[in-house]
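> With the sequence up front, the predicted model follows.
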Amino acid sequence: MARDPRYDVLFEEVSIGPVTARNRFYQVPHCNGMGVHYPSAMAAMRSVKAEGGWAVVCTEECDFHHTGDVAPAIEARLWSEQDVPIMARMAEGVKRHGALAGCELVYGGMASHNLQSREIAMAPAAIPMQGFAPGQARAMDKADIADFRRWHRQAALRARDAGFDIVYVYAGHNLCLMQHFVSRRYNTRTDEYGGPIENRVRLMREVIEDAKDAVGDAMAVAVRFAVEELAGDDGIAADGDGRATVELLADLPDLWDVNVSEWDNDSQTARFAEEGYQEPFVGWVKQVTSKPVVAVGRYTSVDRMVSLVNGGVADFIGAARPSIADPFLPRKIEDGRIDDIRECIGCNICVGGDYTFAPMRCTQNPTTGEEWRRGWHPERIEARNGDGRVLVVGGGPAGLEAARALGQRGYAVTLAEAATELGGHLNRLSRLPGLASWARVVDWRVGQLRELPNVEIFMDSRLDADQVREFGFDRVAVATGSHWRRDALGRTHRAPVPGLDGAGVFSPDDIMSGEVALEDPVVVYDDDHYVMASVLAELAAGRGHVVVYVTTAPDVAHWTHNTMEQGRIQARMIEIGADIVTNKHLARVGGKEIELACNFTDRRTRIERGSLVPVTMRDADDALYRALAGDRPALDAAGVRSVTAIGDCLAPGLVAAAVHGGHRYARELDAETPVDSPPFRRELVALSPDWPHP
Ligand code: ADP
Ligand code: SF4
């Protein structure tokens with residue numbers, strides 16, 4: 001198919017200083033939990049995006065000096081010449097597919113804990129370290145500033161030697177020294193680097209000039225800058241120091257990559273921000289500079305992208321998450337395959353990888369992070385090896401992805417779903433407050449399945465073991481999902497809670513079914529720590545109920561610190577008027593009251609209750625799987641070679657895990673998958689020769 005002429009503007013070349021981007025799709029720097037520990041995986045993940053049509057593909061943060069060590073975060077590294085070949089792997093992979101490779105140099109200052117190097121961090125002024133480590137950064141003197149400039153210059157040259165086309169001067173996300181110099185709340189210096197904004201941007205100006213002088217025409221020099229911190233008078237603001245900084249440096253860099261700081265403001269989830277949410281804060285930058293501007297905002301709508309360019313907001317469609325969910329997004333637009341775009345759902349499970357120091361995962365794209373180690377490509381998949389017919393039971397995210405990927409491989413697939421609509425538990429979840437975009441997981445897969453003539457779908461078809469065996473399929477995947485427990489058993493409670501079997505106790509599934517009458521106050525009990533308890537609390541409050549949010553954790557939706565939503569969810573709970581009770585668990589449940597026990601002291605308190613909604617754990621709906629797998633002779637008689645539980649039926653978890661499980665099933669159906677050793681390639685450290693001691 002040809003591309004829609006309305007989208008031609010997105011495929012214009014754009015000059016960035018001495019280099020030229022082939023179109024307007026720009027993968028901005030983004031963390032991925034791979035970097036220095038898994039450099040081949042990182043390089044392969046980036047290369048695939050270049051193959052998918054992105055014109056510019058950048059690294060994550062790349063720390064460039066041991067005094068600015070970002071450990072334990074797993075980012076890229078250019079501390080010395082030794083790192084150059086490692087980073088060259090990414091640059092080479094990206095350029096092989098015709099994209100420009102960008103390197104985001106970072107010096108964290110008080111945001112670098114130097115946990116590996118044990119150096120003392122430096123900042124514009126003496127100040128406590130940001131984040132989770134005790135200790136303080138020391139104030140930089142003039143010699144330190146000179147050192148820092150030299151280190152940055154050397155790093156720019158190393159980035160050039162590694163083959164990058166663009167080098168960044170990074171002053172964003174409140175994670176780097178140059179932003180701290182611009183910030184009036186951190187920069188309390190009285191010399192020429194402190195005081196008026198002209199002085200506070202001095203270091204940034206010098207570093208841009210240094211970089212340009214060092215790399216000449218070999219590379220472009222980009223600036224990534226937080227033009228707005230949403231931090232009131234103390235912060236960098238789009239109508240204050242943010243604008244002044246861009247005005248003062250206007251045409252000095254070759255490109256402005258602008259956003260809202262900190263990272264949790266920049267990468268907000270769909271529950272809290274719409275596509276394009278940064279436009280009001282960054283829309284003015286293009287009027288202040290003649291250099292190209294990159295803006296982000298979880299753009300997946302092509303019309304919105306066009307209006308971003310035509311409306312004069314930005315020259316490039318910046319993307320991190322949309323490029324993770326669909327590395328081939330530009331190519332699909334170019335080929336006129338808009339319906340094939342796998343849209344990001346804005347859940348930030350990808351961010352959770354980085355936050356937990358593990359390679360990132362994506363709810364929509366099960367191949368992310370698997371490009372190198374398992375050899376999975378987001379668009380291509382090996383043709384089937386054999387003629388078998390496959391039955392997939394259950395059309396939730398696991399079953400849909402298994403059927404889709406098997407269909408793509410050319411297998412004859414039958415998908416049987418008990419309900420009258422496909423989607424499984426996502427149909428219920430995506431109707432809860434703020435989670436509508438999660439339906440994209442279903443929509444994309446259902447759309448793809450429609451294009452596969454070798455996949456038959458039967459709705460309203462609840463299968464039992466006899467029926468499955470009668471059909472005579474070679475392989476059966478059981479993706480029958482899970483349901484929430486009503487009895488509060490889970491992480492904290494390993495034995496029944498006295499009194500919990502009484503009236504007025506509802507599981508999340510009961511609430512989502514819409515068939516229960518809640519009574520005030522509605523006590524939502526969170527021992528799950530992800531989003532479910534908070535969205536049910538919102539739902540109940542939206543129906544006019546008084547809500548009490550009790551959690552076994554120190555704060556609401558505790559795990560969502562890893563998706564950078566926790567602060568917003570806590571604020572939302574406060575806004576809906578919920579009474580928040582933390583660090584307590586159920587001791588006894590009565591008809592009208594609940595006795596809670598303090599996690600630390602076991603001291604008891606009582607709260608009134610109308611309804612109680614325990615959100616603790618789910619049970620796998622694996623009866624069909626057990627009936628089938630438990631009778632091997634009957635399977636043999638029916639000619640069924642394998643029965644496999646996938647997704648929540650195997651173990652309830654994140655949607656990302658269900659999609660990955662379905663995809664993996666399809667990939668490995670006809671392969672020998674080792675179980676006694678890792679089923680993927682690993683990147684092993686090279687042992688240093690000077691052992692035991694030099
Ligand atoms: P997952 O997240 O693992 O995909 P879900 O709970 O979202 O799991 O989806 C499971 C799907 O399986 C639901 O749509 C449910 O209706 C369907 N299902 C459950 N049991 C059967 C069965 N015996 N036959 C057909 N479909 C079933
Ligand atoms: Fe988007 Fe979620 Fe994938 Fe991240 S994990 S790219 S937010 S769909």
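Right, received. Where do you want to start? Here the structure is a predicted model, which is why all the values come from computation and not from measurement. Numbers count the residues shown, from 1 in each chain. Ligands and ions are numbered 1, 2, ... in the order given.
> so what's the backbone phi/psi at the closest residue to ligand 2 within the stretch 151-300 of the chain?
When scored by C-beta to the nearest ligand atom, the stretch 151-300 of the chain has Thr269 as its residue closest to ligand 2, at 7.1 Å. For every residue, glycine as well, the C-beta is placed using N, CA and C. Phi and psi for Thr269, reported as degrees, to the nearest 10, are phi -80, psi 160.
> That one reaches Gly567, doesn't it?
No - counting by C-beta atoms under 8 Å, Thr269 does not reach Gly567; the two are 11.6 Å apart.
> between the two, who's got more neighbours?
Thr269 (25 against 13; other C-beta atoms under 10 Å).
> Read off the pLDDT value for that one.
Per-residue pLDDT puts Thr269 at 97.
> what sits against it?
Gly346, Cys347, Asn348, Thr563, Met564, Glu565, Arg568 (C-beta atoms under 8 Å, 6 or more residues apart in numbering).
> So which of the residues you listed are in helices?
Arg568 (DSSP state H).
> So which of the contacts of Thr269 is the closest to ligand 2?
Nearest to ligand 2 among the contacts of Thr269: Cys347, at 3.8 Å, using C-beta to the nearest ligand atom.
> and the closest one, how many neighbours?
27.
> Equivalent analysis for Thr67, please.
Counted with other C-beta under 10 Å, the neighbours of Thr67 add up to 21.
> got the buried residues for stretch 125-133?
Ala125, Ile127, Met129, Gln130 (16 or more other C-beta atoms under 10 Å).
> could I get it in CSV with only the CA atoms?
Extracted C-alpha coordinates of stretch 125-133, given in CSV (Å, rounded to 0.1, in the frame of the first residue of the first chain):
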residue,chain,number,x,y,z
ALA,A,125,26.4,23.9,45.8
ALA,A,126,26.7,21.5,48.7
ILE,A,127,23.4,19.6,48.9
PRO,A,128,22.0,16.2,50.0
MET,A,129,22.1,13.5,47.3
GLN,A,130,18.9,13.1,45.4
GLY,A,131,17.0,9.9,45.8
PHE,A,132,17.7,6.9,47.9
ALA,A,133,21.2,7.2,49.2
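> pLDDT value on the closest residue in space to Ala76 that isn't next to it in sequence, please?
Nearest residue to Ala76, sequence neighbours excluded (C-beta to C-beta, 6 or more residues apart in numbering): Cys62, at 3.8 Å. Looking at Cys62, its pLDDT is 98.
> What is the one helix or strand Cys62 maps to packed up against?
The secondary structure element spanning Cys62 is strand 56-63 (assigned by DSSP states H and E). Judged by 3 or more C-beta pairs under 8 Å, 6 or more residues apart in numbering; DSSP states H and E, the packing partners of strand 56-63 are strand 25-27, helix 39-51, strand 76-77, helix 84-96, strand 100-106, strand 166-171.
> orientation of that strand relative to helix 39-51 in degrees?
Angle, strand 56-63 to helix 39-51, by axes from the mean of the first three to the mean of the last three C-alpha atoms, to 10 degrees: 150 degrees.
> so how many other residues sit close to the residue of the stretch 501-650 of the chain found nearest ligand 1?
Proximity of the stretch 501-650 of the chain to ligand 1 (C-beta to the nearest ligand atom) peaks at Gly647, 2.4 Å away. A count of nearby residues for Gly647, using other C-beta under 10 Å, gives 33.
> avg pLDDT for stretch 661-668?
Mean predicted confidence for stretch 661-668 is 98.
> got the CA positions of it in CSV?
Extracted in CSV, the C-alpha atoms of stretch 661-668 (Å, rounded to 0.1, in the frame of the first residue of the first chain):
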residue,chain,number,x,y,z
GLY,A,661,3.6,-16.1,27.4
GLY,A,662,1.3,-16.3,24.4
HIS,A,663,4.0,-15.1,22.1
ARG,A,664,6.6,-17.4,23.5
TYR,A,665,4.2,-20.4,23.1
ALA,A,666,3.8,-19.6,19.4
ARG,A,667,7.6,-19.1,18.8
GLU,A,668,8.6,-22.3,20.6
